[in-house]
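Q: predicted structure and sequence below. I'll ask about it afterward.
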There are 2 protein chains.
Amino acid sequence: MINKLIKNIRKTNAPIVVGLDPMLSFIPAHIIKKSFQDFGETLEGAADAIWHFNKEIIDATYDLIPAVKPQIAMYEQFGLEGLKVFKKTVDYCKEKDLIVVGDIKRGDIGSTSTAYAVGHLGTVTVGHNKYKPFDEDFITLNPYLGTDGIKPFITIGKEENKGMFILVKTSNPSSGEFQDQYVGRKPLYELVGEQVNEWSKLHMGDGYSYIGAVVGATYPEVGKVLRKVMPKSFILVPGYGAQGGKGIDLVHFFNPDGLGAVVNSSRGIIAAYKQEKYSHVPAKNFADASRLAVLDMIEDINSALISL
Amino acid sequence: MINKLIKNIRKTNAPIVVGLDPMLSFIPAHIIKKSFQDFGETLEGAADAIWHFNKEIIDATYDLIPAVKPQIAMYEQFGLEGLKVFKKTVDYCKEKDLIVVGDIKRGDIGSTSTAYAVGHLGTVTVGHNKYKPFDEDFITLNPYLGTDGIKPFITIGKEENKGMFILVKTSNPSSGEFQDQYVGRKPLYELVGEQVNEWSKLHMGDGYSYIGAVVGATYPEVGKVLRKVMPKSFILVPGYGAQGGKGIDLVHFFNPDGLGAVVNSSRGIIAAYKQEKYSHVPAKNFADASRLAVLDMIEDINSALISL
């Protein structure tokens, strides 16, 4: 899947990921109205609205982008009905030949990590049958429990030809509270980055590893350091757009080959029609605004990357 | 809920939690057979077997115990059908007046943490209606993202009168890889413990906080230190039994009032019928073995606590 991610990035010339993190407040009134008519003001109604919102955005952008990143929390908040639509979204994006990064930030002790790995990347056996419950291509993971919490994901990733992005330095304001603490002469995030680099060797693709890292766009200097610490890991970069990161800040997340990073934008794309900049697009055509925002994002990043 | 947890502990005289972490390999053949007859060798069949397994164990132990801790990964690995049974198990345990700790180890940036908090502790609004998607009493959380990843859970915990246990020092062998690293003069877990103590003040019950911590039974010396660092936080202690912890190791996780900790056992209880010790119990009556194992665990812990 890392090879396919790179292939998709080359095909689209767009090192970006669209974060499918729907909130009901992002969804235009006409979609909400129709779903509530069909299913009532219920969890099923909310989930149906999310599905139609996602589908229009995917249909309007899939030819421009290599990958999507649905944030499972946004679905989990609607319980089982929400999770049904998470799965439906994963499947639909895969039909469109997009790489799907399940933003699930799981992580636990060994046997429990195995269960998460089976559920999200792998295959579960029931009697004589095998099933792939959520079947994302990549997932995000939390490293706080150390190697034996991560290894089961690598084991199943190898079996299934799938990958993962491990949190190293997150984009949020308080990420430094623990991640920036100095451990000897280096911050904790660097130690975690070194460990990601070790893990990355366990599951290599052609040029890059299936084991990547998450480093927030909001900390460009940290990105510069971590790029060198983990040369074979793709960096998934959240925090572009709504959280404040700009294309110019992202140059050092990439390697000189122009690869090595994928930049995520969520509300900046999916709720683009609510921005001043795209206010000429009527809410009815919200997905057209998402397409324009994708084109603008690609332009912003690629023009910054020219300096590489 | 922290007050109710304490009330339940006093009523049962049992500072324990039963971990409802079913694996198909734990479930006796007669249950599997029946579920496969009814639903085939499908995810639904697996989920049905888990449900009947859980139900018998709950029915056989609920009068002895204050709380249960279903590990969501064990359900998530069977996809939506598994998660349906997670929810059914949560609801059934609450009917039995048990406190339910959802072992979900979530944690993300602000708005995403809010979505998880809504899904697991809170209330989601759809049009004019309100729903409580998973509705556990407590959940477990991962602190790696710092305060702004935890605060949304506290906010919703306050609204809903619910609580959380935050990972401080986990029970697994490699937990020290990051958690034991020295930050200045103290290990990272102690810094996280100090932060849990700060957070604990934001949501207090009568004597203890709604904000607790997870500290593994496998590290008793660490438990002794952290007990003092977080005096008002309940400690959820995994790692008893199958992972190697014994009653005598756990004394210092408690305060002199005999409260302040709840010890979890999962496979030691739910798969007790597979142990040599309970091999006189036929598989058909597996839940009786679970009841005996609960009684033995209570005896082991209480006899150690006499020394307090």
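A: In hand now; what should we look at?
Q: how much space separates the residue positioned nearest the centre of chain A from B:Phe86?
A: Computing the C-alpha centroid of chain A and ranking residues by Cα atoms, centre = their mean puts A:Lys69 first, at 3.4 Å. Separation of A:Lys69 from B:Phe86 (Cβ to Cβ, to the nearest Å): 24 Å. (Glycine included, C-beta is placed from N, CA and C.)
Q: try A:Leu236
A: 28 Å.
Q: got it, and A:Asn264?
A: According to Cβ to Cβ, A:Asn264 stands 29 Å off from B:Phe86.
Q: thought A:Glu56 was touching A:Phe286, still the case?
A: Yes - counting by Cβ atoms under 8 Å, A:Phe286 touches A:Glu56, with 7.2 Å between them.
Q: between those two, who's got more neighbours?
A: Taking neighbours as other Cβ atoms under 10 Å in any protein chain shown, A:Phe286 and A:Glu56 compare with A:Phe286 leading, 24 against 18.
Q: so what's the more buried one closest to, chain neighbours aside?
A: The shortest distance from A:Phe286 to any non-neighbouring residue, by Cβ to Cβ, 6 or more residues apart in numbering or on different chains, is to A:Tyr273 (4.0 Å).
Q: could you work out the end-to-end span of stretch A:158-176 for me?
A: For stretch A:158-176, the first and last residues are 32 Å from each other (Cα to Cα, to the nearest Å).
Q: need the contact list for A:Leu305.
A: Counting by Cβ atoms under 8 Å, 6 or more residues apart in numbering or on different chains, A:Leu305 touches A:Pro15, A:Gly247, A:Val251, A:Phe254, A:Gly258.
Q: pretty sure the third one contacts A:Asn302?
A: To tie it back to what came earlier, the one meant is A:Val251. No - between A:Val251 and A:Asn302 there is no contact under Cβ under 8 Å: 11.0 Å.
Q: my read: A:Pro66 touches A:Met1, true?
A: No - using Cβ under 8 Å as the test, A:Pro66 is too far from A:Met1 to be in contact (11.4 Å).
Q: any common contacting residues for those two?
A: A:Ile99.
Q: and the two? Which one has more around it.
A: For A:Pro66 versus A:Met1, the count of surrounding residues by other Cβ under 10 Å is larger for A:Pro66: 24 against 21.
Q: so what's that one up against?
A: A:Leu5, A:Asn8, A:Ile9, A:Lys11, A:Thr12, A:Ala14, A:Pro15, A:Ile16, A:Val17, A:Leu98, A:Ile99, A:Val262.
Q: among the residues you listed, which ones are in strands?
A: Using DSSP state E, the subset of the contacts of A:Pro66 located in strands is A:Ile16, A:Val17, A:Ile99, A:Val262.
Q: does the residue lying closest to the third one once chain neighbours are set aside have beta-bridge partners, and which?
A: Leaving aside its chain neighbours, A:Ile99 sits nearest to A:Ala67 (3.9 Å; criterion: Cβ to Cβ, 6+ apart). Taking DSSP bridges as the rule, A:Ala67 bridges to A:Val17, A:Ile99.
Q: next, count neighbours for A:Ala67.
A: 25.
Q: hmm, A:Leu98 and it touching each other?
A: Yes - proximity of A:Ala67 to A:Leu98 meets the contact threshold set by Cβ under 8 Å, at 5.8 Å.
Q: mutual contacts of these two, please.
A: Shared contacts of A:Ala67 and A:Leu98, defined by Cβ under 8 Å, 6+ apart, are found at A:Asn8.
Q: how close does A:Ser303 sit to A:Ser265?
A: 16 Å.
Q: okay, those two: which has more neighbours?
A: Of the pair A:Ser303 and A:Ser265, A:Ser265 is the one with more neighbours under other Cβ under 10 Å, namely 27 against 11.
Q: with adjacent residues omitted, what lies nearest to the more buried one?
A: A:Gly241 (4.4 Å).
Q: need the contact list for the one you found.
A: A:Ser265, A:Ser266, A:Arg267, A:Gly268, A:Ile269, A:Met297.
Q: and A:Gly122, its phi and psi?
A: Torsion angles at A:Gly122 (phi, psi; degrees, to the nearest 10) stand at phi -110, psi -150.
Q: tell me who's in contact with it.
A: Residues in contact with A:Gly122 (Cβ under 8 Å, 6+ apart) are A:Lys132, A:Ile156, A:Glu159, A:Glu160.
Q: now with 7 Å, please.
A: A:Gly122 makes contact with A:Ile156, A:Glu159, A:Glu160, according to Cβ atoms under 7 Å, 6 or more residues apart in numbering or on different chains.
Q: out of those residues, which is most surrounded?
A: Using other Cβ under 10 Å as the neighbour test, those are led by A:Ile156, with 21 neighbours.
Q: measure that residue to chain B for me?
A: 11 Å (Cβ to the nearest Cβ, to the nearest Å).
Q: and A:Asp108, by the same measure?
A: In terms of Cβ to the nearest Cβ, A:Asp108 sits 6 Å off from chain B.
Q: ok, A:Arg267 next?
A: 9 Å.
Q: please apply the same query to A:Lys169.
A: Distance from A:Lys169 to chain B, by Cβ to the nearest Cβ: 10 Å.
Q: wait, that residue touches A:Glu221, no?
A: No - using Cβ atoms under 7 Å, A:Lys169 is not in contact with A:Glu221; the gap is 10.4 Å.
Q: and those two? Which one has more around it.
A: Set A:Lys169 next to A:Glu221 and count neighbours by other Cβ under 10 Å: A:Lys169 wins out with 25 against 9.
Q: give the contact list for that one.
A: By Cβ under 7 Å, 6+ apart, the neighbours of A:Lys169 are A:Ser175, A:Gln179, A:Tyr189, A:Val215, A:Gly216, A:Tyr219, A:Val222, A:Leu226.
Q: chain neighbours aside, what residue packs nearest to it?
A: Using Cβ to Cβ, 6+ apart and skipping residues adjacent in sequence, the residue nearest A:Lys169 is A:Tyr189, 4.2 Å away.
Q: cool, and A:Phe234?
A: Using Cβ to Cβ, 6+ apart and skipping residues adjacent in sequence, the residue nearest A:Phe234 is A:Gly212, 3.9 Å away.
Q: just the element for that neighbour, please.
A: Under the criterion of DSSP states H and E, A:Gly212 resides in strand A:211-215.
Q: can you tell me what sits against the helix or strand just after that strand?
A: Proceeding N to C from strand A:211-215, the next assigned helix or strand is helix A:220-229, under DSSP H and E. For helix A:220-229, contacts defined as Cβ under 7 Å, 6+ apart pick out A:168-169, A:189-190, A:193-194, A:197, A:213, A:215, A:235, A:249, A:252-253, A:255, A:260.
Q: among those, which ones are in strands?
A: A:Val168, A:Lys169, A:Ala213, A:Val215, A:Ile235.
Q: taking those together, which two end up most distant?
A: Farthest-apart pair in these is A:Lys169 and A:Ile235; separation 9.8 Å (Cβ to Cβ).
Q: so what sits against both of those two?
A: Joint contacts of A:Lys169 and A:Ile235 (Cβ under 7 Å, 6+ apart) are A:Val215.
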